[in-house]
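Enquirer: I would like the atomic coordinates for the input below:
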Amino acid sequence: MSEISTTLKQALAAAVETIQSLDKLEAPLQRAADLIVECLNPGNKMLVCGNGGSAADAADFCTEFACRFMHDRRPFPALNLSQGGSLLTAIGNDYGFEEIFARQVAAYGKSGDVLIAITTSGKSANIKRALETAKDRNLKTIALLGRDGGSTIGIADVDLIVSGNSTARIQEAHKFLLHVLCEAVELRLPRA
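Expert: Residues are numbered from 1 along each chain as shown. Just a heads-up that it's a prediction; the model follows:
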C-alpha cells in the first residue's frame, strides 16, 4: 500500500468518526439555529470571527447569508470580523492581538445581534475576549470549539464542541456544522 493510500484511508476513517460524533450536538445546534433566526428575522446582524482556517470558515459562513446558500432569497447581514487587514493590524498594534475581534464587537455589535466565534483549540485569547465583549454588550453568542472546549467553554450562550485531537478533523467538522446551520436557518428566513 502506498503512503498516500495509507494516509487517505486513515484520514477518511478519522473524518467519518468525527462527523458521526456530531449527532450528540443536535440540541445545541437547534438552539444555535434558533438564535440566528431570532437575530436575522427582525433585521439584526451576525458577527463572525476565527483565526487562520477558522477565519476562512467565518468568511464562507458570512457569504452564505449575505449572498445565498441553497435558495435565491434576499441577503441578510453577516460581517466577517476576520477580514480587513488595515483594521486588524491597527487594533493589534494599538491594543494587542487579543483585542482584534473584541474591539470590532464593541464597534459593530448591538443588542439583538449574534456573535459566532470559531476556535479549533478553544484556547484562542482573541476569541475569548470577543465572546466576553459580546456578553457585556448583550449580544447572543455561539461558539464552535474543539478538543475539550478549552478556556472558552461556557462563555457563549451555545457551545458546539467537536472533540478530538486533530485540528484538521475538528475544522472539517466545524465547516460541516456551519453548513448545517445555513441549511436549517435558510428554511426559516423570508425569501423576499
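Enquirer: just checking, what packs against the longest helix along the chain?
Expert: Ranked by number of residues, the top helix in the chain under DSSP state H is helix 167-186. Judged by 3 or more CB pairs under 8 Å, 6 or more residues apart in numbering; DSSP states H and E, the packing partners of helix 167-186 are helix 3-20, helix 26-40, helix 53-66, strand 140-146, strand 158-162. For glycine as for every other residue, the C-beta is placed from the backbone atoms N, C-alpha and C.
Enquirer: Show me what the third one is in contact with.
Expert: Helix 53-66 is touched from outside by 40, 46, 48-50, 75-83, 116, 118-120, 144, 171, 174-175, 178-179, 181-182, with contacts defined as CB atoms under 8 Å, 6 or more residues apart in numbering.
Enquirer: one more time with 6 Å, if that's ok
Expert: Contacting residues not belonging to helix 53-66 are listed as 48-50, 75-76, 78, 80, 82, 118, 171, 174-175, 178, 182 [CB atoms under 6 Å, 6 or more residues apart in numbering].
Enquirer: pull the CA atoms of that helix into PDB?
Expert: The C-alpha coordinates for helix 53-66 follow below in PDB (Å, rounded to 0.1, in the frame of the first residue of the first chain):
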ATOM      1  CA  GLY A  53      -8.600  28.300   8.700                       C
ATOM      2  CA  SER A  54     -11.400  29.300  11.100                       C
ATOM      3  CA  ALA A  55     -11.200  32.800   9.600                       C
ATOM      4  CA  ALA A  56     -11.800  31.300   6.200                       C
ATOM      5  CA  ASP A  57     -14.800  29.400   7.600                       C
ATOM      6  CA  ALA A  58     -16.100  32.600   9.000                       C
ATOM      7  CA  ALA A  59     -15.800  34.200   5.600                       C
ATOM      8  CA  ASP A  60     -17.700  31.400   3.900                       C
ATOM      9  CA  PHE A  61     -20.400  31.400   6.500                       C
ATOM     10  CA  CYS A  62     -21.000  35.200   6.100                       C
ATOM     11  CA  THR A  63     -21.100  34.800   2.300                       C
ATOM     12  CA  GLU A  64     -23.800  32.100   2.600                       C
ATOM     13  CA  PHE A  65     -26.100  34.700   4.300                       C
ATOM     14  CA  ALA A  66     -25.100  38.000   2.600                       C
END
